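# Build the 3D model from these lines:
(one chain, ligands or ions: 1)
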Amino acid sequence: TGMFTYDPSFTSTASCDSEITYIDGEEGVLLHRGYPIDQLAGKSHFLEVCYLLLYGELPDAAKLEKFETLVTRHTMVHEQMHRFFTGYRRDAHPMAIMVGTVGAMSAFYHDSTDVNDPHQREVASIRLIAKMPTIAAMAYKYTIGQPFVYPRNDLDYASNFLRMCFAVPAEEYQVNPILARAMDRIFTLHADHEQNASTSTVRLASSSGANPFACIAAGIACLWGPAHGGANQACLEMLREIGTVDKIPEYIARAKDKNDPFRLMGFGHRVYKNFDPRATVMKESADEVLDLLGIEDNPTLQVAKELEKQALADPYFTEKKLFPNVDFYSGIILEAMGFPTSMFTPIFALSRTIGWVSQWKEMIEEPGMRIGRPRQLYIGATARDYIDVENR
Ligand code: CMC
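Residues are numbered from 1 along each chain as shown. So this is what the prediction gives:
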């Protein structure tokens, strides 16, 4: 019609101004508030990155301690929330449980309904960051039939999550600091990624002024799909299906075949048309964890490494700029840690919560914020008269 810009799938539409994350897909650059992701993943830690994303600057020691204490104090979920978990089928996917239970939190925190009150926004942000690991771990424990493990205030964010996932009442659980560090890195590397599908979903949902817990549940729903957060689960399942190194060429041939819908999971990115800088750091972490656990001969990792090598040597992938993305390596780490593939996307969701919350806060605080409302090109029937059913 000439009235609107037609941009299906939003390949060239900027939907907002943002000061949070910068990506240069051609150069493989990712900055949070100006800081390169490799420096944050190498020198900082997740809660500090949360502070940075949320407030715009790195905290001094006192501010960091205060923030960490605040988050730690909000890690428990209301005891009545347990009933939401136990209402699910015992074999439910943990993402199904997370969509429901995070949405259900909106019923527990009516005060958050006033998104125009800065204090309420602050409290809702802290609650979401603090409770998401507890919720993800509870979703996991429920699906494997083990009792919920309450959070502990003396542990750091990543160690606490690992303990809530892997501790059982029958024995002592010691968190391995190398694994805790790798977990923290996975959180950090997934913390934010500007206007991806789930973040755009959170922004659109909250542009109506809806309860933030319900809006984050919308983000979780969007993240679930295999083209987005679900890629890490899909990637590991693919590596297992390939099974042995000799099968790789067959799968590469399928990925290249236009008549076969099969794609190499964990390869390609809408924005990075170069190596994903997060993948570089994640790859180092994967090597570290596998060294520690002494499973260098893990067949899944062998397939991963060989697949990476063969795909990168293939002109189809290099010409289309299809490089391994962050999910390619995170899946391997999570598998080595003992997580089932169904927990990969919940872990992505808990990591990305800070990104969603920061983008939500930025949007709400923008002067003159209006509801998001895309338009369309109508291609349906032209105006016509209603015909009574007996005359059709
Ligand atoms: N394997 C084989 N061919 C591929 C792949 C792949 N993984 N990804 C893209 N292509 C081909 C595609 O067939 C197309 O070829 P042609 O131009 O000849 O038709 C070309 O590359 C461009 O693909 P596209 O689908 O137009 O690209 P997109 O920007 O719409 O999709 C993507 C990006 C990430 C959805 C896609 O690359 C993909 O499906 N990758 C596998 C799933 C995956 O790993 N997703 C995780 C993304 S990163 C984390 C996250 O966002 O959650």
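
# Enumerate the residues of the stretch 151-300 of the chain near the ligand.
Residues of the stretch 151-300 of the chain found near the ligand (C-beta under 6 Å from any ligand atom) are 196, 227-229, 231, 255, 263-270. Heads up, the C-betas are built off the backbone N, CA and C, glycines and all.

# from those residues, which is closest to the ligand?
Closest approach between these and the ligand, by C-beta to the nearest ligand atom: residue 268, at 2.4 Å.

# What is the neighbour count of the residue lying closest to the closest one once chain neighbours are set aside?
Distance criterion C-beta to C-beta, 6 or more residues apart in numbering; nearest residue to residue 268, sequence neighbours excluded, is residue 322 at 4.3 Å. Using other C-beta atoms under 10 Å, residue 322 has 20 other residues around it.

# mind listing what residue 322 touches?
264, 267-268, 311, 316 (C-beta atoms under 8 Å, 6 or more residues apart in numbering).

# can you rerun that using 10 Å?
255, 263-264, 267-269, 272-273, 311-312, 314, 316 (C-beta atoms under 10 Å, 6 or more residues apart in numbering).

# Can you lay out these as CSV showing pLDDT?
CSV is the format used below for those (pLDDT from 0 to 100):
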residue, pLDDT
255, 96
263, 93
264, 94
267, 92
268, 90
269, 87
272, 86
273, 82
311, 94
312, 90
314, 95
316, 95
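
# Out of those residues, which sit inside helices?
The helices, defined by DSSP state H, take in 255, 311-312, 316 from these.

# any idea which of those residues has the most stuff around it?
Of all the ones in helices among the contacts of residue 322, the highest neighbour tally under other C-beta under 10 Å goes to residue 311, namely 23 neighbours.

# my guess is it contacts residue 321, does it?
No: Residue 311 is not in contact with residue 321 according to C-beta atoms under 10 Å; the separation is 11.9 Å.

# Does the residue in the stretch 1-150 of the chain that the ligand sits nearest to belong to a helix, a strand or coil?
For the stretch 1-150 of the chain and the ligand, the shortest gap (C-beta to the nearest ligand atom) falls at residue 9, measuring 6.8 Å. On the three-state scheme (DSSP: H, G, I helix; E, B strand; the rest coil), residue 9 is labelled helix.

# from what I can see it touches residue 270, true?
Yes: taking C-beta under 10 Å as the definition, residue 9 is a contact partner of residue 270 at 8.7 Å.

# who's more crowded, these two?
Neighbours per residue, other C-beta under 10 Å: of residue 9 and residue 270, the larger number sits with residue 270, 13 against 8.

# residues contacting the more buried one?
9-11, 25, 196-197, 227-228.

# a markdown table for the residues you listed, including pLDDT?
Converted to a markdown table, the contacts of residue 270 look like this (pLDDT from 0 to 100):
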| residue | pLDDT |
| --- | --- |
| 9 | 91 |
| 10 | 91 |
| 11 | 89 |
| 25 | 88 |
| 196 | 95 |
| 197 | 96 |
| 227 | 84 |
| 228 | 85 |
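
# Buried subset of those as a PyMOL selection?
The buried residues among the contacts of residue 270 can be selected in PyMOL (16 or more other C-beta atoms under 10 Å) with this line:
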select buried, resi 196+197+228
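
# Domain parsing of this protein, as residue ranges.
30-225+343-365, 231-337 (automatic domain parsing).

# Pick out the shakiest of those, pLDDT-wise.
Mean pLDDT is lowest for domain 231-337 among the domains of the chain, at a mean of 89.

# End to end on it, go ahead and measure it.
In domain 231-337, first residue to last residue: 18 Å (C-alpha to C-alpha, to the nearest Å).

# got the phi/psi numbers for residue 247?
Taking degrees, to the nearest 10, you get phi -90, psi -10 for the backbone angles of residue 247.

# pretty sure it contacts residue 238?
No: taking contacts as C-beta under 10 Å, residue 247 lies outside contact range of residue 238: 11.0 Å.

# list the residues that contact both of these two?
Counting by C-beta under 10 Å, 6+ apart, the contacts common to residue 247 and residue 238 are 303, 307.

# returning to what we had before: let me know which of the domains of the chain is the nearest to residue 5.
Taking C-beta to C-beta, domain 30-225+343-365 is the member of those nearest to residue 5, at 16.1 Å.

# picking up where we left off before, more crowded one of residue 247 and residue 238?
Taking neighbours as other C-beta under 10 Å, residue 247 and residue 238 compare with residue 238 leading, 23 against 13.

# Run through the residues that contact the closest residue in space to that one that isn't next to it in sequence.
By the measure of C-beta to C-beta, 6+ apart, the closest residue to residue 238 outside its immediate chain neighbours is residue 265, 4.6 Å from it. Residues in contact with residue 265 (C-beta under 10 Å, 6+ apart) are 226-227, 230-239, 241, 255, 325, 327-328, 331.
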